[in-house]
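In: The following comprises the amino acid sequence and a computationally predicted model.
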Amino acid sequence: MNALRALVWDVDGTLAETERDGHRVAFNRAFADAGLPWHWDVPTYGELLKVTGGKERLLHWWRRVDPAAAAGADAGAVVRRLHERKTAHYVALVEAGGVALRPGVRCLLDEAHAQRIVLAIATTTSAANVDALLRTTLGEAAARRFAVVGAGDVVAAKKPAPDVYRWVLDRLGLPPDACLAIEDSAAGVAAAQGAGLAVVLTRGLYTRDEPVADVLADLDGLDGVDLATLQHWFARRRAPAD
């Protein structure tokens, strides 16, 4: 088995608790801008998170509340415009300081960078959202710490499909057994494992009760977890079958 060479991070719920007070709020503001009588409260949004991808989540909701309109010829364009407006609201929220990194994340990122562990991102959220979060929480040069950022629509199939992880691995030029994924949800774990990566789970506000199996560690957060601990867990992972 290879030594740990890369950490591949999810973003929403993993790097930061972005969903409840970031994305959900931004969606609601976009609905208001468009004059739509929609409002996603905290429990409703938690249910909708089972659908990965913002545009996919919008279309799923629209089909539920107005299936005839959602089947219209211009539905795709409407969803794209609404999602663009939502993204603008989300970026503004982040840049105003409305979203912070989860405890322990900054220390792990700094330590990994200092020890030349490759950093990468594999997420379904848009590249603009990732960029805003990294710049606001880690500084203007933060994005350069990440060798590869797989975000948004770089692949057609969103998590739990493994495609985004395979896309990231291909661009890193690393085998999956040299990389560790850090995820917060069952869908993210399934995506990483489907691409052959071991996973550390750091549960978030919306994923505390999701059933997840075969992770190296099942945590409530990364506070107090250092790189040596990750390397220890990684070294003890189950050897792949011959």
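Out: Cool, the structure landed.
In: distance between the ends of stretch 171-178?
Out: End-to-end span of stretch 171-178 (C-alpha to C-alpha, to the nearest Å): 14 Å.
In: How about stretch 207-220?
Out: Stretch 207-220 has an end-to-end distance of 10 Å (criterion: C-alpha to C-alpha).
In: Does anything pack onto the helix or strand of the chain with the lowest mean pLDDT? Which helices or strands?
Out: Here the helix or strand of the chain ranked lowest by mean pLDDT, DSSP states H and E is helix 127-138, holding a mean of 94. Judged by 3 or more C-beta pairs under 8 Å, 6 or more residues apart in numbering; DSSP states H and E, helix 127-138 is in contact with helix 75-95, helix 105-114, strand 146-150. C-beta coordinates here come from the backbone N, C-alpha and C atoms, glycine included.
In: So which of the ones you listed is nearest Trp40?
Out: Trp40 sits nearest to helix 75-95 of all the helices and strands packed on helix 127-138, at 10.9 Å, using C-beta to C-beta.
In: which residues does Thr52 contact?
Out: Residues in contact with Thr52 (C-beta atoms under 8 Å, 6 or more residues apart in numbering) are 124, 158-160, 187.
In: can you tell me which two in the residues you listed are farthest apart?
Out: Most distant of the contacts of Thr52, by C-beta to C-beta, are Thr124 and Pro160, 10.2 Å apart.
In: if you count what's nearby, which of these two comes out ahead?
Out: Neighbours around Thr124 and Pro160, counted as other C-beta atoms under 10 Å, are more numerous at Thr124. The numbers are 26 against 16.
In: pLDDT score assigned to the more buried one?
Out: With respect to pLDDT, Thr124 scores 92.
In: for Gly152, same thing?
Out: Here, the pLDDT recorded for Gly152 equals 89.
In: And for Pro240?
Out: Per-residue confidence at Pro240 stands at 48 (pLDDT).
In: Touching, Pro175 and Leu169? I think so.
Out: Yes - using C-beta atoms under 8 Å as the test, Pro175 is close enough to Leu169 to be in contact (7.4 Å).
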